[in-house]
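[1] coords below, sequence missing:
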């Protein structure tokens, strides 16, 4: 006789996160000898800057449990990073370091008592986190026509419809955005900040792709709503160090009560982030000329690739917007709806599954990003190329010289091929 | 006007974990110029074995998100570690790697639906984790006379008193134990396993100090109750790498449902453990002759220090048992109760606070370990010495030669001094 299953109902039927699952699924298909175009997992294809790697080597012996909020020198570097890059007024005491910003978002949802507002589409893990914790979530649906952006109007209507002007609320805004790479203008952010302030909404500003804005012109909403904004960042995207697991939250002093509760929860869960990783992260957040050059090149490659993949998809009749940053495209295959229905494909999951089986292209269904299931949307992570090789080639081209047309055809061929395969499959 | 505080009630009034708090408190007092004897935080004083540090340097560039359950090669090394050291039948697929075993314990309590049973005293974080998650906890109180051990009888009586023989239950057993360093005999473990099996109790066996059993004779309860036991281990204690944050859970196949739910929760929280750290941990769990020598020396030093500190305390009239492993002493100052009451000290918190203020010795009150507040118990972490220096000296002495009497007096002087100060303070 064995011990009967007894699980928290909020965990029943929850599989792994959609991004991790597609990654492991693709690996399994590869092991079977299938050719797979891995556009599922959103991992930076670029190597970690060498100075940051060297710093980890130098601090490999660090063995102490560090301060639960993070190594003071790292918190200072993070605060200065946001002061410099985002014109945000962050104090080192108000920075919290976690093993990935995902973990910090989970703790935030654990300690905050109130409604979670999510735009749709939005990143795959916000909603499952709320579900696991039994938190109420409400979506504000955006549209292709709005470039998948939340507007201040939408947020105001959402609050007005509630008939409850003291309800505690938290909204998560992510820009440049996963899944669509779009960002907001300063005016749009100011308007959203104004409505958030009016309704006492806490704004978690997920700016993990901020440094990957193609023009290096990322603007943080904290400029317009400093007292209610938490800035989320980390090493995973702009520094290519997803596997290192280091994320940061920067709070305004007015939200110290949230930071303190999160630090208490942190002290009973992850304790502190890996010491050698924290020491090395100081190097990353201090930036400096080498990292600025790295970022410039990374942005150049990502923008060229976005331009070329968007062209292939748009020319093929797929609805997609040119992103402002990051390495994602969010496609809408509604123009092919009739064809898809005729092939017995009725939702985004079926579409992505058939695409993977029939073409080897792994992408994530819109449903994973909280889009209605019967919509034919999906996210492409345009990262299935050798980032080290592309970066090395890019280093031979002066910073201010555009990449030649041949660049993506040579260094990101598989990504372009994957987009062509999607178009061909939709037309078949 | 600022955003009103809205916190999860389970987080209200929860400070940082008691161990981390005393650590930061002691640091603050030191900054004021006070001489502090840091016997609060239970951190290994020994350096990480050099081969493990070197392995981290070699893998500093590893940047990929790893499998949510952990790097396959590491899971294999962990399974083989338990097969070799604990005669446990663990399969690599049944191993889960987390950023510290504390995080894994939190996720276990999150996903499991049932009662949590804790012996008292027990480690500081089990109970706050349950509290944060709103899980029902019941204590089984042990006593100084029982050497703070849980007996099979106690567990049986606990279950029988319940009038509910299908209640899902989880018990956490930690040995060598934090806070008292005591362990169980094979017979005791067999008897506890028998009662756990009879009552379908899941047994989380926290063996993080297993390799620090003074005689190298740690026995795992999984030998007697394999189908219901999860073995918890990690790098923090025997490998001196607390700050690296890597813990492991090893499940029997019968508890795959728990492992899978935990992996799902992990994929929505910490994602995977830092990649360079996981690669380096392979080296640690593979052990080999250098690490065995390191462990032999570490045990020798810890045993000598335990012997000498216990003698000082017992000679001074303090009730304390000689530990079997780890680096803790759990003292009972009941013989001084009258004197303490006369000084307006009525519980273990007041006692530790006065001790810190008046002597500079930082130790943790028994209340933090779930002992009744009005009992004069406390935990000493005998780690305030230079572990690297002591280890280097120990390397000059053949493995099978006992340490000279002068060893602890020379290399662990502050620890002995702290014990003398406690005795003197109690007699004052």
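    Received it, and whenever you're ready, just let me know what you need. As the structure is a computational prediction, the values presented were derived from the model and not from experiment. Residues are numbered from 1 along each chain as shown, chains lettered A, B, ... in the order given.
[2] So for the helix or strand residue A:311 falls within, what gets flagged as buried?
    According to DSSP states H and E, residue A:311 maps onto helix A:289-315. For helix A:289-315, burial by neighbour count (16 or more other C-beta atoms under 10 Å in any protein chain shown) applies to A:291, A:294-295, A:297-306, A:308-310, A:312-313. C-beta coordinates here come from the backbone N, C-alpha and C atoms, glycine included.
[3] go on, stretch A:80-91?
    A:81, A:82, A:85, A:86, A:88, A:90.
[4] shouldn't the second one be in contact with residue A:250?
    Spelled out, it's residue A:82. Yes - between residue A:82 and residue A:250 there is a contact under C-beta atoms under 8 Å: 5.5 Å.
[5] Mutual contacts of those two, please.
    A:88, A:90, A:231, A:233 (C-beta atoms under 8 Å, 6 or more residues apart in numbering or on different chains).
[6] So which of those sit within strands?
    A:231, A:233 (DSSP state E).
[7] could the shared contacts of residue A:82 and residue A:250 be laid out in a markdown table, adding pLDDT and distance to residue B:365?
    Output for those, formatted as a markdown table (pLDDT from 0 to 100; distance: C-beta to C-beta, whole Å):
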| residue | pLDDT | distance to residue B:365 |
| --- | --- | --- |
| A:88 | 95 | 41 |
| A:90 | 97 | 36 |
| A:231 | 98 | 38 |
| A:233 | 98 | 39 |
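[8] Rebuild the shared contacts of residue A:82 and residue A:250 as TSV, extending it with distance to chain B.
    Below are those laid out as TSV (distance: C-beta to the nearest C-beta, whole Å):
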residue	distance to chain B
A:88	17
A:90	17
A:231	16
A:233	16
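[9] Closest to residue A:72 out of the shared contacts of residue A:82 and residue A:250?
    Using C-beta to C-beta, residue A:90 is the member of the shared contacts of residue A:82 and residue A:250 that lies nearest residue A:72, at 14.0 Å.
[10] Who are the packing partners of the one helix or strand residue A:281 maps to?
    Assessed by DSSP H and E, residue A:281 sits inside helix A:275-285. Counting contacts by 3 or more C-beta pairs under 8 Å, 6 or more residues apart in numbering or on different chains; DSSP states H and E, helix A:275-285 is packed against helix A:50-58, helix A:72-86, helix B:275-285.
[11] one more time with 10 Å
    If contacts are counted by 3 or more C-beta pairs under 10 Å, 6 or more residues apart in numbering or on different chains; DSSP states H and E, helix A:275-285 sits against helix A:50-58, helix A:72-86, strand A:95-98, strand A:229-234, helix A:289-315, helix B:50-58, helix B:275-285.
[12] Compare the ones you listed and report which one is nearest to residue A:11.
    strand A:95-98 (21.5 Å).
[13] State whether residue A:138 is indeed within a helix.
    No - under DSSP: H, G, I helix; E, B strand; the rest coil, residue A:138 falls outside any helix and is assigned strand.
[14] Count the residues that sit near the closest residue in space to it that isn't next to it in sequence.
    Nearest non-adjacent residue to residue A:138, counting by C-beta to C-beta, 6 or more residues apart in numbering or on different chains: residue A:117, 5.6 Å away. Residues lying near residue A:117 (other C-beta atoms under 10 Å in any protein chain shown) number 24.
[15] mind listing the strands for the stretch 101-250 of chain A?
    Counting by DSSP state E, counting those that start in this stretch, the stretch 101-250 of chain A has these strands, from start to end: A:115-120, A:137-141, A:169-174, A:202-206, A:229-234, A:247-250.
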